[in-house]
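In: Sequence first, then the predicted structure, then my questions.
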Amino acid sequence: MIMISRSPARSFPSLAVLPSERVPAIHCPALNSVFPPVRHASVLSATGFVFLLLTWQPAVAAAGPAVEGGSESRSRRIDFIRDVSPVLSKAGCNGGKCHGSFQGRGGFRLSLFGFDPAADHEAITAHARGRRVSLTAPDASLLLQKPLGEVPHGGGRRFGRDDALYQTLRQWIAQGAGKPADAALTVSSIVVEPAAIVVAAEQSQSLKVTATWSDGVVQDVTRLTVYESRDESRVEVSPAGSVLALRPGRSAVTVSFMGQVSAVTVTSPYAEEAVPFDFVPQNFVDGLVAKEWRAVGLVPAPLCDDATFVRRVYLDLIGTLPTPVEVRGFVASTETGKRVALIDSLLGRQEYVDHWAHKWADLLRVHRRYVGDKGLWSFWGWVQNVVRENWPVDRVARELITARGSLFSNGATAYYFTDTKPDDLAETTAQLFLGVRLQCARCHHHPYEVWSQEDYYGLASFFTRLELKDNGDNARFGGAKLLRPVAQVQKDRRIAMDVPPALFGKAAETEGVDDVRVQLADWITSPDNAFFTRSFVNRYWSYLMGRGLVEPVDDFRATNPPTHPELLDALNADFVAHGLDVKHLLRTICNSRVYQLESVVAPQRDQDGTFYTHRRFSRLSAAVLLDAVDQVCGTHETFPGMPAGTRAQQLPDPQIPSYFLDAFGRSVRSSPCECATSESPDLAQALHLINSVNLNGKISAPDGRLAAALKSDRSDAEIVTELYLTALAREPRPQELEIAIRLVSESDSREAGFEDLTWTLLNSTAFLFNH
């Protein structure tokens, strides 16, 4: 029995009021749209109300898999999870910029990307006094009127009445806005075809996306999938999945549907056919990169000369400029394997330890604000020892993850002073050792990856059985890390206390286990873990080549594919085969012809260096640049509290003041992200180089290089040559030498002329950048 008001126009606008006696049928389109067709009805009158006794014809369920549009979709029940949630995602309703944001929009909040269908159904049908849907008059539903643009809507018009998205939503409302038939229904996987596209510029190709649901249903979801171009200046993608290449190059299109994501690499060749070029591979790196050049019609730059190579490899491997004697000796050598020998010699120098320990100190955030003065030197000494002894990266990861004991006797325990909360430790561990950014999964399912909150807090749970205990030296920084049961130390309700730690769906063994972190370290460093070694290979490749095979280098995910997957796989396999030896990896890259290509200031093709046809210019990091300035000027920067002669790359932490280092973007070590260190030029840096009292003081220092040269009996040409060799690792070209000598001769004094020349060299692109 259904009870309605005696004023039927308010409840059912299309209800025809019939006499109060038994009738064979009732004319009620609104009811027939909600329920199966009415076969028989009785109308009973009562004071103030009309009672309808209805009998319905049996309903026939639509069979077969879900399909979009057409008569079949109109004849079956619309499911909230299978049909409505994808529509809300496709229309952008549950995106982070709309109702999917944590505070919602206009009082209406949905779960981000539809990851909580039950909450979304309640928000749509029950919140706001149920006014968002009208079961009796679907067309009057705000859920339809707003995206149609028929009433004011901050998100604008999202679809039209002829759109399949609108038809699905209207049909769902007309059928009663039912709850999900299976609350546990999810998408198990998606398949995108083709997985990679090669298409000429200004040509297009369509994608097809097929989803497999957890109940076995396979569905073509091409028009319900959300597409996004990684580089809109290179590739466009339509809402229907048509990919258009705008110009030659390589990019990717992100594909996402109901929590499953993928990416399609889009390559547009620079020429229709391979262009011949002379290139003799030195190792497997060269062969794989040259294969890509031929595939896209590119020609590499020639090999760089010896002077360029010696400066490049010194800065890359030891963060130091070669001396004039070293440059002359290398260039003059006629040994066929001199480049190989030079690389080997640099890997054994103390400057190698300083340079790479400084890089790792940035990533590990070696800083006294976390561990105090005494703990700082313990941690810094540990990092230096790791580089000096060339520990395999799996040992480094294991020692940090499982660190325990006193901070002062085991510097690795500082890892747990830098981050003290389980969720922070989970994020740092994933980013450092897996190259995965899990931060999004702290609050919701990762929008561009398959990581869920369960994965996030499963990883965090490995760090809940730790306690920081003071050993008596200092209440803040003198403690040790000891293990205790979860129930005694767990304080985060989001991390279950009564279940074992879990990592990506696999629970750890806790019965009789002293330290579950050992199992975490085993999983992270396992040869079967595709993330661990690839993340290190990618980092070191980026350090030497100016950009990673995956960019950003610590953001591995399905929607951020490598530009050269074969090369990444080959480098990774070689790295693993050689025991995760970092020096071997560096040696392999530096010995490749690809590394030794000439730099190009303004390339006409491959401008962003995606295909590595030339050496990219990269600005020297803050510490390397300051050391280089001192080397050219023959001076030593004075750092408060540090011994005389300390170089910038030997500083243990950024607490030691230096305006130069701050201006040029040294890391403040507040994040494990590579982006914490800035190498982008800006106005402050330019002004410092132009007007700095400190820099001018170094140039004119009475005990500096220039002062010593002027006191000698060397000619102007000899002094100019030495300055060029020191700053640029090459002799001046004839025209440069002529201009420099004229500059000195026309200056107010010989001293002023050479100071101006030195200032010019220090402000040149050739000095400030490695190339």
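Out: Yes, it's here.

In: Low-confidence regions, this protein specifically.
Out: 1-75, 444-450, 469-506 (pLDDT under 70).

In: Validate this expectation: L468 resides in a helix.
Out: No: counting by DSSP: H, G, I helix; E, B strand; the rest coil, L468 is not found in a helix; it is strand.

In: I'd say A271 and G297 touch.
Out: Yes: between A271 and G297 there is a contact under CB atoms under 8 Å: 2.7 Å. To be clear about C-beta, it is placed using only N, CA and C from the backbone, and glycine gets the same treatment.

In: The two: who's more crowded?
Out: With neighbours defined as other CB atoms under 10 Å, A271 and G297 compare such that G297 has more, 15 against 12.

In: roughly how far apart are that one and L737?
Out: Noted for G297: a distance of 40 Å to L737, by CB to CB, to the nearest Å.

In: contacting residues for the most centrally placed residue in the chain?
Out: Central residue of the chain (CA atoms, centre = their mean): D555, 2.9 Å from the mean position. Neighbour list for D555: 435-437 [criterion: CB atoms under 8 Å, 6 or more residues apart in numbering].

In: check which helix or strand covers the nearest residue to G411 once chain neighbours are set aside.
Out: Distances taken as CB to CB, 6 or more residues apart in numbering put W382 closest to G411, at 2.9 Å, once the chain neighbours are dropped. Using DSSP states H and E, W382 sits in helix 368-388.

In: close enough to count as contact, S621 and E679?
Out: Yes: counting by CB under 8 Å, S621 touches E679, with 5.8 Å between them.

In: and for the two, which residues touch both?
Out: Joint contacts of S621 and E679 (CB under 8 Å, 6+ apart) are G665.

In: Between the two, which has more neighbouring residues?
Out: Per other CB under 10 Å, whichever of S621 and E679 has more neighbours is S621, with 26 against 14.

In: Just the endpoints, please. Distance across stretch 391-405?
Out: In stretch 391-405, first residue to last residue: 21 Å (CA to CA, to the nearest Å).

In: same question, stretch 122-129
Out: Terminal-residue distance, stretch 122-129 (CA to CA): 11 Å.

In: can you offset everything so residue one is 58?
Out: With the count now opening at 58, the last piece we talked about shows up as stretch 179-186.

In: Return the set of buried residues in that stretch.
Out: 180-182 (16 or more other CB atoms under 10 Å).

In: tell me how far that stretch is from the chain's mean position?
Out: 36 Å (CA atoms, centre = their mean, to the nearest Å).

In: Which residues does it contact?
Out: Under CB under 8 Å, 6+ apart, the answer for stretch 179-186 is 164-167, 189-190, 200, 234.

In: Name the nearest of those residues relative to M602.
Out: Closest approach between the contacts of stretch 179-186 and M602, by CB to CB: L167, at 42.8 Å.

In: what are the ranges of the strands in the stretch 708-828 of the chain?
Out: Under the criterion DSSP state E, counting those that start in this stretch, the stretch 708-828 of the chain contains strands at 826-827.

In: Same question for the stretch 458-607 of the chain.
Out: 462-463, 523-527, 536-540, 559-560, 563-564.

In: For the first one, which strands pair with it and how are they oriented?
Out: Under the criterion DSSP bridges, strand 462-463 sits next to strand 536-540 (antiparallel) in its sheet.

In: Confirm that V323 lies within a strand, as I assumed.
Out: Yes: the assignment for V323, made by three-state DSSP, places it in a strand.

In: got the contact list for it?
Out: Contacts for V323 (CB under 8 Å, 6+ apart) come out as 253-254, 256, 291-292, 300, 302, 307-310.

In: Put the buried members of these into a PyMOL selection.
Out: Burial among those is assessed by 16+ other CB under 10 Å; the matching PyMOL selection reads:
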select buried, resi 254+256+291+292+300+302+307+308+309+310
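
In: Closest to L378 out of the contacts of V323?
Out: R307 (34.5 Å).

In: my read is that closest one is in a helix, agree?
Out: No: under three-state DSSP, R307 sits outside any helix and is assigned strand.

In: and the gap between it and S261?
Out: For R307 relative to S261 (CB to CB), the value is 16 Å.

In: Ok, Q339 next?
Out: 39 Å.

In: Mind checking which of these two has more residues around it?
Out: Q339 (18 against 15).

In: surely H745 meets D719?
Out: No: H745 is not in contact with D719 according to CB under 8 Å; the separation is 10.1 Å.

In: Which one of the two is surrounded by more residues?
Out: H745 (16 against 13).

In: Look up the closest residue to that one, ignoring the ones flanking it.
Out: Spatial nearest neighbour of H745, chain neighbours left out: A720 (5.2 Å); criterion: CB to CB, 6+ apart.

In: Can you get me a residue count around that neighbour?
Out: A720 has 16 neighbours, counted by other CB under 10 Å.

In: Contacts only, for L482.
Out: 473, 476, 517, 520.

In: So which of these sit within helices?
Out: 473, 517 (DSSP state H).

In: So which of the contacts of L482 is the closest to V321?
Out: Checking the contacts of L482 one by one against V321 (CB to CB), the nearest turns out to be A517, at 32.6 Å.

In: Touching, the closest one and T485? I think so.
Out: No: counting by CB under 8 Å, A517 sits too far from T485 to count as a contact (10.8 Å).

In: what is in contact with those two at once?
Out: By CB under 8 Å, 6+ apart, no residue touches both A517 and T485.

In: sorry, back to before: how far does the helix holding W439 sit from its chain's centre?
Out: Per CA atoms, centre = their mean, the centroid offset for helix 425-445 relative to its chain is 28 Å.

In: Mind listing residues that contact that helix?
Out: The contact list for helix 425-445, computed with CB under 8 Å, 6+ apart, reads 409-410, 413-414, 417-418, 421, 423-424, 453, 464-469, 471, 474-475, 530-531, 533-535, 709-710, 712.

In: Tell me who's in contact with Y327.
Out: By CB under 8 Å, 6+ apart, the neighbours of Y327 are 305-306, 353-355, 662-663.

In: what separates it from T734, distance-wise?
Out: 33 Å.

In: now swap in Y284 and tell me
Out: Per CB to CB, Y284 is found 34 Å from T734.

In: Repeat that for L744.
Out: Between L744 and T734 the distance is 21 Å, computed by CB to CB.

In: What about D579, how many residues nearby?
Out: Neighbour tally, D579, other CB under 10 Å: 15.

In: again with H693
Out: Going by other CB under 10 Å, the residues that sit close to H693 add up to 17.

In: wait, it sits on A705?
Out: No: assessed by CB under 8 Å, H693 is found out of contact with A705, at 10.3 Å.

In: how distant is stretch 493-503 from the center of its chain?
Out: 12 Å.

In: no, scratch that, I was asking about stretch 407-419
Out: Using CA atoms, centre = their mean, the offset of stretch 407-419 from its chain centre is 24 Å.

In: Dump the C-alpha coordinates for it into CSV.
Out: C-alpha atoms of stretch 407-419 as CSV (Å, rounded to 0.1, in the frame of the first residue of the first chain):
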residue,chain,number,x,y,z
GLN,A,407,88.5,11.6,-1.6
GLU,A,408,86.5,14.2,-3.4
TYR,A,409,84.2,11.4,-4.7
VAL,A,410,83.4,10.6,-1.1
ASP,A,411,82.7,14.3,-0.3
HIS,A,412,80.5,14.8,-3.4
TRP,A,413,78.3,11.8,-3.1
ALA,A,414,78.1,11.9,0.7
HIS,A,415,76.8,15.4,0.3
LYS,A,416,74.1,14.2,-2.1
TRP,A,417,73.0,11.4,0.2
ALA,A,418,73.0,13.7,3.2
ASP,A,419,70.5,15.9,1.4
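
In: what comes up buried for it?
Out: In stretch 407-419, counting by 16+ other CB under 10 Å, buried: 408-416, 418-419.

In: Helices along the stretch 108-257 of the chain, start to end?
Out: In the stretch 108-257 of the chain, the segments counted as helices under DSSP state H, counting those that start in this stretch are 127-132, 142-147, 174-182, 199-205, 221-231.

In: Nice, that's everything, thank you.
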